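Asker: My questions are about this predicted structure, shown below with the sequence.
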Amino acid sequence: MARCARLLTVAAALALLSSACVTDTSFNPQTAFNPRSDYANEGLNLFILTIVLGVIIGGVVEIVLVATAIRYRRRAGDPLPPQIHGSTIIEVLWTTGPVLVVGAILFFTLPVIFSTQAPAPPGSINIDVTGHQFWWEFGYLDGNVLTANELHLPVGQTVNLVLHSDDVIHSFWVPALGGKRDAFPGHTNYIWMKPDAVGEFPGQCYQLCGYSHGNMREKAIVQTPTDFQAWLTSQQAPAVTPTDPTAAEGGQLFQTRGCAACHTINGTPAQGKVGPNLTHVASRGVIAGSVLDNTPDGLRTWLKDPPGVKPGSIMPNLGLNDHELDVLVAYLESLK
């Protein structure tokens, strides 16, 4: 019975280990086993080191246990073995052994800690990352661009994320780009990294921050330098005044229905600082803290009842009728 239990335990451990090592991002897009930056690679290498040491030590311990159980098992007719108390050699071994293992891990970990905590290299792209309940705001300090939900990064260039919080403690985490780091009110944290692959990588807030903590997500979009610069240039332009009558009516409604008190649209009287900057909201793939796709249906769902989509949302239900929803969606869709 004991042998069966041990075999089942080993089988379960192997199953968990194999499932943790899945690198198919379509199956598990938020996996740290799919590193796409130097920072993420360093963290994964340390993790693999601890796993390998743990497997080796666990294997040695199991082999000793099994060998001892077989070699010294009681047989028919055996007398009662001599009763002893303690063994100085064994006590020294199982005390110094773990110390040496932890010391080895520390030897490889400390350089990574010091290198990732050091100031970002000169010439890095500085990006303000601010956590709100319950969405992320990204400000490109060198490009005078403010956006939300989607973090655009150039491949092969070092970026310095300057982390803040506007309310409670949040934690920024895009697993493919590196380990999580907290964003505190009144305190600044940093993450710097160099993405090494083009693609879209999802992330989320990792620190319980309120009712809709699970709905506070983000997406990192790593682009070629040319595409990134084109995106940055397009985001610097003011909002285009819509010519479509429906969208134009939506623009007027945006100003009179209270939306302008919370949101900024560059080039218009709307200069609110409570919610996301909407100057180029139609260029984003997601809205509402990356909970909804940025489609006409997604916008309509969000505007109809924000607290219903995201409980605890600061954005209120304005009680918009169908016509108001139609013209507002048309206006927001025009903000490319």
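Answerer: Okay, I see it.

Asker: pretty sure Asp167 is in contact with Gln133, am I right?
Answerer: Yes - contact between Asp167 and Gln133 holds when scored by CB atoms under 8 Å: they sit 5.3 Å apart. (Each C-beta comes from the backbone N, C-alpha and C, glycine too.)

Asker: Which of the two has more residues huddled nearby?
Answerer: Gln133 (21 against 14; other CB atoms under 10 Å).

Asker: who's in contact with that one?
Answerer: Listed by CB atoms under 8 Å, 6 or more residues apart in numbering, the contact set of Gln133 reads 167-168, 209-210, 212, 216, 312, 314.

Asker: Show the buried residues in those residues.
Answerer: In the contacts of Gln133, burial by neighbour count holds for 168, 209-210, 212, 216, counting by 16 or more other CB atoms under 10 Å.

Asker: Most widely separated two among those?
Answerer: Pairwise distances across the buried ones among the contacts of Gln133 (CB to CB) peak at 12.1 Å, for the pair Val168 and Ser212.

Asker: quick one on the thing from earlier: including secondary structure, could the buried ones among the contacts of Gln133 go into TSV?
Answerer: TSV is the format used below for the buried ones among the contacts of Gln133 (DSSP: H, G, I helix; E, B strand; the rest coil):
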residue	secondary structure
Val168	coil
Cys209	coil
Gly210	coil
Ser212	coil
Met216	coil
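
Asker: which residues in the stretch 1-150 of the chain form strands?
Answerer: 125-132, 135-140, 145-148, 150-154 (DSSP state E, counting those that start in this stretch).

Asker: Adding distance to Thr96, mean neighbour count and mean pLDDT, write the ones you listed out as TSV.
Answerer: Converted to TSV, those look like this (distance: least, CB to CB, whole Å; neighbours: other CB atoms under 10 Å; pLDDT from 0 to 100):
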stretch	distance to Thr96	mean neighbour count	mean pLDDT
strand 125-132	44	20	96
strand 135-140	47	22	96
strand 145-148	53	22	94
strand 150-154	46	22	96
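
Asker: closest to Met193 out of these?
Answerer: strand 150-154 (8.6 Å).
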